[in-house]
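**Q** I would like the atomic coordinates for the input below:
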Amino acid sequence: MDAKFTGNVDKRGAYIAFFIAELIKKHPVDRLVLVGQSLGGMEGARVINPLKTVLEESQSKTNLVGFIFFQSGGIYEQDPLSLVPGVKEFMSMKQGIRELWPMPLDIAQAREKATDARTSGDMSEALHWERRFDELENKKTENPYLTDKEKETLKKIDDQLERVHKKGERKRLERKRYKLLSKVVFRISSTDVRVPGVKKNIKNLVRAGRAILLNNRLFDVAKTLPESVRESIDVPAVFVWGGTDQFFEEESARNALALHRMSTKSSYFPKSPAIFNARIFTGPHELACTDYEKFSDIIRNISGRILKFNDSKHDSEDQFTTNLYFQ
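**A** Below you'll find the predicted structure:
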């Protein structure tokens with residue numbers, strides 16, 4: 001238990017595969033869909049081949065039937081330094097907090113954009129923003145995860161934000177709002193290692209940065225997956241990108257994958273029978289940590305589609321591709 005985890009990404013894939021195989025022995029399943037979020041996508045791509053080997057050699061009845069790359073790094077080439085500016089925003093979780101508990105300004109902007117789109121005749125854009133407006137209104141009404149006292153405090157702050165005009169006063173209220181809600185996120189999140197307090201977060205950030213650099217993970221996460229890894233993936237694969245992701249923004253990711261297809265004249269995963277391209281219109285990188293219910297709903301939806309595809313017994317040699325959209 002005291003041994004350091006290997007810095008070799010391929011060896012880590014094998015270790016993780018054995019770990020998953022042990023979990024399957026304790027919790028048997030017939031069909032398994034793996035999910036790799038953020039760095040987990042880069043790591044998980046190396047898990048698929050050794051995991052299938054381990055399951056086969058152990059005569060396990062579990063079949064690996066799909067992999068979901070959820071806002072994953074290590075998929076397309078980037079300048080490693082381009083990832084640095086997003087770290088501060090990601091560590092603060094400000095986007096994720098505003099997704100869960102939208103500010104009055106967010107709701108007003110959604111309504112305005114819906115109106116502008118209808119006026120210009122762009123019905124597709126209008127429909128998106130009308131759905132977005134409804135989603136934000138519902139979240140404001142529900143205020144998920146908050147106690148009655150927290151709901152009361154938040155309402156007072158938001159009522160003041162709707163009336164305030166001075167920039168300094170607005171900033172003060174926004175800080176007060178963030179302080180209230182960031183504590184709630186730390187309370188509800190079971191997957192995040194960040195803790196309240198600037199000093200502690202700085203320490204965690206320094207430790208994470210040291211680990212990433214020593215393991216070359218920063219450079220791995222900004223590279224394209226090796227050809228040998230991409231060709232080993234022979235199960236349906238799903239790319240999920242967030243429209244407001246601080247590191248792997250949806251449009252940049254799609255453009256990079258399109259350029260890859262043009263330059264290689266081949267699919268990114270040439271042996272995969274199906275590629276699903278999913279977009280979350282508003283998906284900050286911390287979505288899986290802050291709004292785990294939304295994250296779970298998306299994973300369940302996609303997993304169901306993978307199982308349905310496999311049940312359809314797709315016999316064509318042509319790779320099946322489709323686009324999915326989530327609010």
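**Q** which residues of the stretch 201-327 of the chain fall in strands?
**A** Counting by DSSP state E, counting those that start in this stretch, the stretch 201-327 of the chain has strands at residues 237-242, 274-280, 320-326.
**Q** highest average neighbour count across the ones you listed?
**A** Highest mean neighbour count of those: strand 237-242, a mean of 25 (counted as mean count of other CB atoms under 10 Å). Every C-beta, even on glycine, is put in place using the N, C-alpha and C of the backbone.
**Q** got the angle between that strand and strand 274-280?
**A** Interaxial angle, strand 237-242 versus strand 274-280 (axes from the mean of the first three to the mean of the last three CA atoms, to 10 degrees): 10 degrees.
**Q** So which residues make contact with strand 237-242?
**A** For strand 237-242, the external contacting residues (CB atoms under 8 Å, 6 or more residues apart in numbering) are 66-72, 75, 248-250, 253-254, 257, 269, 272, 274-280, 282-285, 287, 298, 302, 306.
**Q** mind saving the C-alpha coords of that strand as PDB?
**A** Provided in PDB are the C-alpha atoms of strand 237-242 (Å, rounded to 0.1, in the frame of the first residue of the first chain):
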ATOM      1  CA  ALA A 237     -16.800   4.700 -27.900                       C
ATOM      2  CA  VAL A 238     -18.400   7.900 -26.800                       C
ATOM      3  CA  PHE A 239     -16.900  11.400 -26.800                       C
ATOM      4  CA  VAL A 240     -18.600  13.800 -24.400                       C
ATOM      5  CA  TRP A 241     -17.500  17.500 -24.600                       C
ATOM      6  CA  GLY A 242     -18.700  20.500 -22.600                       C
END
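**Q** circling back to that earlier point, got a markdown table for the strands of the stretch 201-327 of the chain, with mean pLDDT too?
**A** Below are the strands of the stretch 201-327 of the chain laid out as a markdown table (pLDDT from 0 to 100):
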| stretch | mean pLDDT |
| --- | --- |
| strand 237-242 | 94 |
| strand 274-280 | 94 |
| strand 320-326 | 92 |
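**Q** Let me know which of these is the nearest to Thr53.
**A** Minimum separation from Thr53 across the strands of the stretch 201-327 of the chain (CB to CB) falls at strand 237-242, 18.6 Å.
**Q** The closest one: how far from the chain's middle?
**A** 8 Å (CA atoms, centre = their mean, to the nearest Å).
**Q** Okay, angle between it and strand 320-326 too, please.
**A** Using the same axes, to 10 degrees: strand 237-242 against strand 320-326 is 30 degrees.
**Q** Now Lys151: closest residue in space, sequence neighbours ignored.
**A** Asn143 (4.9 Å; CB to CB, 6 or more residues apart in numbering).
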